[in-house]
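A.B. asks: the following comprises the amino acid sequence and a computationally predicted model.
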Amino acid sequence: MELEKITACCVCPRRCGAARGKTGDGICRSGAEIRVARAALHFWEEPPISGERGSGAVFFTGCPLRCLFCQNGEISAGENLGKAFSPEELNGLFLSLEEQGAHNINLVTPTHFAPGIRKALLLRRPEVPVVYNTSGYERVETLRTLEGLVQIYLPDFKYAESGLAGELSAAPDYPETALAAIGEMVRQTGAPVYDENGMMRSGVLIRHLILPGHTRNSIAVLRLIRENFPGIPVSLMAQYTPIKRRLLDASCVIGAELPELFRPITARELRKVQEELFSLGLDGFVQSRSAKGTEYVPDFHQFEA
(Lines give C-alpha, C1' and ligand atoms only; values in the text may rest on other atoms or scores of the structure.)
Protein backbone atom coordinates (compact mmCIF):
# COMPACT_ATOMS: atom_id res chain seq x y z
CA MET A 1 0.00 0.00 0.00
CA GLU A 2 1.42 3.36 -1.01
CA LEU A 3 1.51 5.81 1.88
CA GLU A 4 0.85 9.52 1.77
CA LYS A 5 3.23 10.62 4.51
CA ILE A 6 2.17 13.39 6.88
CA THR A 7 5.31 15.38 7.60
CA ALA A 8 3.99 17.69 10.34
CA CYS A 9 0.65 16.51 11.73
CA CYS A 10 -1.84 19.05 13.05
CA VAL A 11 -5.04 17.00 12.67
CA CYS A 12 -5.94 16.93 16.38
CA PRO A 13 -5.76 19.66 19.07
CA ARG A 14 -2.28 18.46 20.09
CA ARG A 15 -0.86 19.84 16.83
CA CYS A 16 2.30 17.98 17.76
CA GLY A 17 3.91 18.30 14.33
CA ALA A 18 4.75 14.60 14.26
CA ALA A 19 6.00 12.92 11.13
CA ARG A 20 3.60 10.15 10.15
CA GLY A 21 4.96 7.66 7.65
CA LYS A 22 4.97 3.90 8.13
CA THR A 23 4.85 4.54 11.89
CA GLY A 24 4.16 7.64 13.94
CA ASP A 25 5.94 9.35 16.81
CA GLY A 26 3.10 11.63 17.92
CA ILE A 27 0.67 11.29 20.82
CA CYS A 28 -1.67 9.08 18.78
CA ARG A 29 1.22 6.73 17.86
CA SER A 30 -0.25 6.39 14.36
CA GLY A 31 1.40 6.42 10.98
CA ALA A 32 -0.18 7.52 7.72
CA GLU A 33 -1.98 4.21 7.19
CA ILE A 34 -5.59 4.00 8.35
CA ARG A 35 -5.62 1.13 10.84
CA VAL A 36 -8.76 -0.71 11.92
CA ALA A 37 -8.95 -3.17 14.82
CA ARG A 38 -12.55 -4.26 14.40
CA ALA A 39 -15.52 -3.71 12.08
CA ALA A 40 -18.84 -5.36 12.95
CA LEU A 41 -22.43 -4.79 13.90
CA HIS A 42 -22.47 -3.30 17.40
CA PHE A 43 -25.49 -3.44 19.71
CA TRP A 44 -24.22 -1.58 22.79
CA GLU A 45 -24.76 2.02 21.71
CA GLU A 46 -27.73 4.22 22.62
CA PRO A 47 -31.15 3.03 21.28
CA PRO A 48 -31.35 5.57 18.41
CA ILE A 49 -27.87 4.50 17.25
CA SER A 50 -27.92 0.70 17.66
CA GLY A 51 -31.59 0.08 16.97
CA GLU A 52 -32.60 -3.52 16.30
CA ARG A 53 -30.07 -4.33 13.55
CA GLY A 54 -26.99 -2.81 15.15
CA SER A 55 -24.61 0.02 14.37
CA GLY A 56 -21.87 -0.63 11.82
CA ALA A 57 -18.98 0.11 14.16
CA VAL A 58 -15.47 0.59 12.79
CA PHE A 59 -12.94 0.73 15.64
CA PHE A 60 -9.77 2.61 14.66
CA THR A 61 -6.49 2.09 16.47
CA GLY A 62 -4.68 4.91 18.24
CA CYS A 63 -6.08 7.98 19.98
CA PRO A 64 -5.05 11.63 20.48
CA LEU A 65 -5.98 11.42 24.18
CA ARG A 66 -4.15 9.44 26.82
CA CYS A 67 -6.94 8.56 29.26
CA LEU A 68 -5.53 6.51 32.12
CA PHE A 69 -8.81 4.62 32.51
CA CYS A 70 -9.43 3.84 28.82
CA GLN A 71 -11.63 0.78 28.39
CA ASN A 72 -10.28 0.31 24.86
CA GLY A 73 -6.68 0.71 25.97
CA GLU A 74 -5.68 -2.39 24.05
CA ILE A 75 -6.06 -0.50 20.77
CA SER A 76 -5.80 3.16 21.84
CA ALA A 77 -2.02 2.76 22.15
CA GLY A 78 -1.97 2.77 18.35
CA GLU A 79 1.31 1.90 16.69
CA ASN A 80 0.85 -1.01 14.26
CA LEU A 81 -2.14 -2.72 15.85
CA GLY A 82 -5.04 -3.80 13.66
CA LYS A 83 -5.03 -3.96 9.87
CA ALA A 84 -4.08 -1.22 7.41
CA PHE A 85 -6.78 -0.01 5.02
CA SER A 86 -6.50 2.29 2.03
CA PRO A 87 -9.37 4.78 1.57
CA GLU A 88 -10.71 2.51 -1.17
CA GLU A 89 -10.61 -0.54 1.11
CA LEU A 90 -12.19 1.41 3.95
CA ASN A 91 -15.01 2.44 1.64
CA GLY A 92 -15.53 -1.24 0.83
CA LEU A 93 -15.68 -1.99 4.55
CA PHE A 94 -18.44 0.59 4.95
CA LEU A 95 -20.39 -1.03 2.11
CA SER A 96 -20.01 -4.47 3.69
CA LEU A 97 -21.51 -3.18 6.96
CA GLU A 98 -24.40 -1.62 5.06
CA GLU A 99 -25.07 -4.94 3.32
CA GLN A 100 -25.20 -6.62 6.75
CA GLY A 101 -28.07 -4.30 7.67
CA ALA A 102 -26.27 -1.70 9.79
CA HIS A 103 -28.42 1.30 10.72
CA ASN A 104 -25.38 3.55 10.28
CA ILE A 105 -21.62 3.59 9.80
CA ASN A 106 -20.13 4.29 13.22
CA LEU A 107 -16.56 5.66 13.13
CA VAL A 108 -15.11 4.97 16.58
CA THR A 109 -12.11 7.15 17.59
CA PRO A 110 -11.59 8.48 14.05
CA THR A 111 -9.91 11.82 14.82
CA HIS A 112 -6.30 11.09 13.86
CA PHE A 113 -7.37 9.39 10.60
CA ALA A 114 -9.85 12.11 9.58
CA PRO A 115 -8.05 12.99 6.29
CA GLY A 116 -8.08 9.37 5.10
CA ILE A 117 -11.66 8.81 6.27
CA ARG A 118 -12.72 11.90 4.34
CA LYS A 119 -11.20 10.42 1.18
CA ALA A 120 -13.03 7.14 1.78
CA LEU A 121 -16.38 8.90 2.24
CA LEU A 122 -15.89 10.98 -0.91
CA LEU A 123 -15.39 7.83 -3.00
CA ARG A 124 -18.91 6.68 -2.21
CA ARG A 125 -21.20 8.14 0.39
CA PRO A 126 -22.96 5.48 2.47
CA GLU A 127 -26.73 5.29 2.07
CA VAL A 128 -27.08 5.17 5.87
CA PRO A 129 -26.00 7.96 8.26
CA VAL A 130 -22.34 8.29 9.15
CA VAL A 131 -21.66 8.59 12.89
CA TYR A 132 -18.49 10.34 14.10
CA ASN A 133 -17.92 8.72 17.51
CA THR A 134 -15.28 10.79 19.27
CA SER A 135 -13.69 11.69 22.59
CA GLY A 136 -14.73 15.30 21.97
CA TYR A 137 -11.09 16.35 21.75
CA GLU A 138 -11.22 17.74 18.22
CA ARG A 139 -9.95 20.66 16.18
CA VAL A 140 -12.73 22.76 14.70
CA GLU A 141 -10.67 23.08 11.52
CA THR A 142 -10.57 19.30 11.09
CA LEU A 143 -14.30 18.94 11.74
CA ARG A 144 -15.04 21.50 9.02
CA THR A 145 -13.38 19.24 6.43
CA LEU A 146 -16.07 16.64 7.22
CA GLU A 147 -19.08 18.91 6.82
CA GLY A 148 -21.72 17.20 4.70
CA LEU A 149 -20.00 13.81 5.04
CA VAL A 150 -21.00 13.16 8.67
CA GLN A 151 -24.67 13.19 9.64
CA ILE A 152 -24.44 12.28 13.33
CA TYR A 153 -21.85 13.38 15.85
CA LEU A 154 -21.48 11.28 19.00
CA PRO A 155 -18.94 13.18 21.13
CA ASP A 156 -17.89 12.60 24.70
CA PHE A 157 -17.81 15.58 27.02
CA LYS A 158 -15.45 14.14 29.62
CA TYR A 159 -14.29 17.06 31.71
CA ALA A 160 -15.36 20.49 32.90
CA GLU A 161 -12.31 20.68 35.17
CA SER A 162 -9.02 21.37 33.39
CA GLY A 163 -6.96 20.01 36.28
CA LEU A 164 -8.72 16.66 36.13
CA ALA A 165 -8.40 16.59 32.34
CA GLY A 166 -4.68 17.17 32.66
CA GLU A 167 -4.23 14.52 35.32
CA LEU A 168 -6.29 11.76 33.71
CA SER A 169 -5.96 12.48 29.97
CA ALA A 170 -2.87 14.72 29.66
CA ALA A 171 -5.10 17.38 28.11
CA PRO A 172 -5.66 20.38 30.42
CA ASP A 173 -7.19 22.26 27.48
CA TYR A 174 -9.94 19.64 27.12
CA PRO A 175 -12.91 21.67 28.48
CA GLU A 176 -12.57 24.64 26.13
CA THR A 177 -11.51 22.43 23.23
CA ALA A 178 -14.55 20.15 23.59
CA LEU A 179 -16.92 23.10 23.94
CA ALA A 180 -15.66 24.59 20.68
CA ALA A 181 -15.71 21.22 18.90
CA ILE A 182 -19.25 20.32 19.98
CA GLY A 183 -20.37 23.81 19.01
CA GLU A 184 -19.08 23.15 15.49
CA MET A 185 -20.84 19.77 15.40
CA VAL A 186 -24.15 21.38 16.37
CA ARG A 187 -23.63 24.09 13.75
CA GLN A 188 -23.16 21.45 11.05
CA THR A 189 -26.08 19.18 11.90
CA GLY A 190 -28.64 21.38 13.63
CA ALA A 191 -31.31 19.95 15.93
CA PRO A 192 -31.59 16.14 16.16
CA VAL A 193 -33.76 14.45 13.53
CA TYR A 194 -35.25 10.96 14.02
CA ASP A 195 -37.07 8.63 11.65
CA GLU A 196 -40.44 6.99 12.26
CA ASN A 197 -38.74 4.20 14.25
CA GLY A 198 -36.87 6.55 16.57
CA MET A 199 -33.52 6.08 14.85
CA MET A 200 -31.34 9.17 14.67
CA ARG A 201 -30.87 10.42 11.12
CA SER A 202 -28.86 13.54 11.92
CA GLY A 203 -27.80 15.64 14.88
CA VAL A 204 -25.57 15.49 17.95
CA LEU A 205 -25.81 13.20 20.99
CA ILE A 206 -23.40 14.11 23.80
CA ARG A 207 -22.02 11.37 26.05
CA HIS A 208 -20.65 11.74 29.54
CA LEU A 209 -19.04 8.94 31.54
CA ILE A 210 -19.34 9.37 35.31
CA LEU A 211 -15.96 8.71 36.93
CA PRO A 212 -15.85 7.31 40.47
CA GLY A 213 -15.01 9.99 43.00
CA HIS A 214 -15.63 12.83 40.55
CA THR A 215 -19.34 13.64 40.64
CA ARG A 216 -18.52 17.34 40.93
CA ASN A 217 -16.93 17.21 37.50
CA SER A 218 -19.98 15.39 36.08
CA ILE A 219 -22.40 17.96 37.46
CA ALA A 220 -20.29 20.79 36.02
CA VAL A 221 -20.28 19.06 32.61
CA LEU A 222 -24.07 18.77 32.60
CA ARG A 223 -24.43 22.45 33.49
CA LEU A 224 -22.12 23.44 30.63
CA ILE A 225 -24.17 21.33 28.23
CA ARG A 226 -27.41 22.97 29.40
CA GLU A 227 -25.89 26.43 29.06
CA ASN A 228 -24.20 25.96 25.68
CA PHE A 229 -26.22 23.30 23.85
CA PRO A 230 -29.92 23.55 24.78
CA GLY A 231 -32.03 20.91 23.08
CA ILE A 232 -29.11 18.54 22.48
CA PRO A 233 -29.69 15.10 24.07
CA VAL A 234 -27.27 13.66 26.61
CA SER A 235 -26.28 10.06 27.28
CA LEU A 236 -25.24 9.72 30.91
CA MET A 237 -23.01 6.65 31.20
CA ALA A 238 -22.71 4.80 34.49
CA GLN A 239 -20.80 1.73 33.33
CA TYR A 240 -17.25 2.83 34.21
CA THR A 241 -15.10 -0.31 34.28
CA PRO A 242 -11.72 -0.22 36.05
CA ILE A 243 -9.06 -1.96 33.94
CA LYS A 244 -6.80 -2.57 36.92
CA ARG A 245 -3.63 -3.58 35.12
CA ARG A 246 -3.79 -0.46 32.95
CA LEU A 247 -4.42 1.72 36.01
CA LEU A 248 -1.45 0.19 37.85
CA ASP A 249 0.79 0.86 34.84
CA ALA A 250 -0.55 4.42 34.59
CA SER A 251 0.06 5.05 38.28
CA CYS A 252 3.70 4.04 37.84
CA VAL A 253 4.13 6.25 34.79
CA ILE A 254 2.69 9.42 36.34
CA GLY A 255 4.03 8.68 39.81
CA ALA A 256 0.67 9.12 41.51
CA GLU A 257 -1.91 6.86 43.06
CA LEU A 258 -5.41 6.76 41.63
CA PRO A 259 -7.40 4.88 44.30
CA GLU A 260 -10.82 6.18 43.28
CA LEU A 261 -10.43 4.81 39.74
CA PHE A 262 -9.98 1.21 40.91
CA ARG A 263 -13.70 0.79 41.62
CA PRO A 264 -16.99 1.19 39.72
CA ILE A 265 -19.21 4.14 40.54
CA THR A 266 -21.64 3.70 43.42
CA ALA A 267 -25.44 3.84 43.30
CA ARG A 268 -25.22 7.05 45.32
CA GLU A 269 -22.87 8.66 42.79
CA LEU A 270 -25.16 7.74 39.91
CA ARG A 271 -28.22 9.03 41.75
CA LYS A 272 -26.51 12.35 42.52
CA VAL A 273 -25.54 13.01 38.91
CA GLN A 274 -28.81 11.66 37.52
CA GLU A 275 -30.80 14.02 39.73
CA GLU A 276 -28.80 16.93 38.31
CA LEU A 277 -29.57 15.72 34.77
CA PHE A 278 -33.29 15.72 35.57
CA SER A 279 -33.24 19.03 37.44
CA LEU A 280 -31.61 20.71 34.45
CA GLY A 281 -34.31 19.34 32.17
CA LEU A 282 -31.84 17.65 29.84
CA ASP A 283 -33.23 15.14 27.37
CA GLY A 284 -31.46 11.86 26.74
CA PHE A 285 -30.54 8.53 28.29
CA VAL A 286 -29.13 7.08 31.50
CA GLN A 287 -27.20 3.87 31.00
CA SER A 288 -27.34 1.25 33.73
CA ARG A 289 -24.54 0.55 36.19
CA SER A 290 -25.02 -3.13 35.34
CA ALA A 291 -23.74 -2.58 31.79
CA LYS A 292 -20.13 -2.76 32.91
CA GLY A 293 -17.35 -5.33 32.97
CA THR A 294 -14.81 -6.67 30.53
CA GLU A 295 -17.50 -8.68 28.74
CA TYR A 296 -18.62 -5.35 27.23
CA VAL A 297 -15.16 -4.75 25.74
CA PRO A 298 -15.21 -5.93 22.10
CA ASP A 299 -12.71 -8.41 20.68
CA PHE A 300 -10.12 -6.29 18.93
CA HIS A 301 -8.28 -9.17 17.24
CA GLN A 302 -10.64 -9.54 14.28
CA PHE A 303 -8.03 -8.94 11.60
CA GLU A 304 -5.17 -10.92 13.12
CA ALA A 305 -3.95 -13.91 11.17
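C.D. replies: That came through fine. Numbers count the residues shown, from 1 in each chain.

A.B. asks: could you use CA atoms for every contact and neighbour count after this?
C.D. replies: Fine.

A.B. asks: where do the strands sit along this structure?
C.D. replies: Under the criterion DSSP state E, strands of the chain are mapped to 34-42, 55-60, 83-85, 105-108, 130-134, 152-155, 193-194, 200-204, 206-209, 234-237, 284-286.

A.B. asks: so which of those strands is nearest residue 116?
C.D. replies: strand 34-42 (6.8 Å; CA to CA).

A.B. asks: quick check: angle from that closest one to strand 55-60?
C.D. replies: Here strand 34-42 runs at an angle of 160 degrees relative to strand 55-60 (axes from the mean of the first three to the mean of the last three CA atoms, to 10 degrees).

A.B. asks: from the middle of its chain, how far away would strand 34-42 be?
C.D. replies: Distance of strand 34-42 from its chain centroid, counting by CA atoms, centre = their mean, to the nearest Å, is 14 Å.

A.B. asks: mean confidence for that strand?
C.D. replies: Here strand 34-42 scores 95 as its mean pLDDT.

A.B. asks: name every strand pairing with that strand and say which way it goes.
C.D. replies: Strand pairing for strand 34-42, using DSSP bridges, gives strand 55-60 (antiparallel), strand 83-85 (antiparallel).

A.B. asks: tell me where the stretch 201-305 of the chain is predicted with low confidence.
C.D. replies: 245-246, 248-257, 289-298, 304-305 (pLDDT under 70).

A.B. asks: show me where it has helices.
C.D. replies: 215-228, 244-254, 267-279 (DSSP state H, counting those that start in this stretch).

A.B. asks: in the first one, what counts as buried?
C.D. replies: Read it as helix 215-228. Residues of helix 215-228 classed as buried by neighbour count (16 or more other CA atoms under 10 Å): 215, 217-226.

A.B. asks: do the last one as well
C.D. replies: Neighbour-count burial for helix 267-279, counted by 16+ other CA under 10 Å, picks out 269-270, 273-274, 276-277.

A.B. asks: export these to JSON lines and tack on distance to residue 167?
C.D. replies: Output for the buried residues of helix 267-279, formatted as JSON lines (distance: CA to CA, whole Å):
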{"residue": "269", "distance to residue 167": "21"}
{"residue": "270", "distance to residue 167": "22"}
{"residue": "273", "distance to residue 167": "22"}
{"residue": "274", "distance to residue 167": "25"}
{"residue": "276", "distance to residue 167": "25"}
{"residue": "277", "distance to residue 167": "25"}
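
A.B. asks: ok, of those residues, which one's closest to residue 104?
C.D. replies: residue 277 (27.7 Å).

A.B. asks: against residue 177, how distant is residue 140?
C.D. replies: According to CA to CA, to the nearest Å, residue 140 and residue 177 sit 9 Å apart.

A.B. asks: what residues are shared contacts of the two?
C.D. replies: Residues touching both residue 140 and residue 177 (CA atoms under 8 Å, 6 or more residues apart in numbering): there are none.

A.B. asks: the longest helix in the protein is where?
C.D. replies: Counting residues, the longest helix found in the chain (DSSP state H) is helix 174-189.
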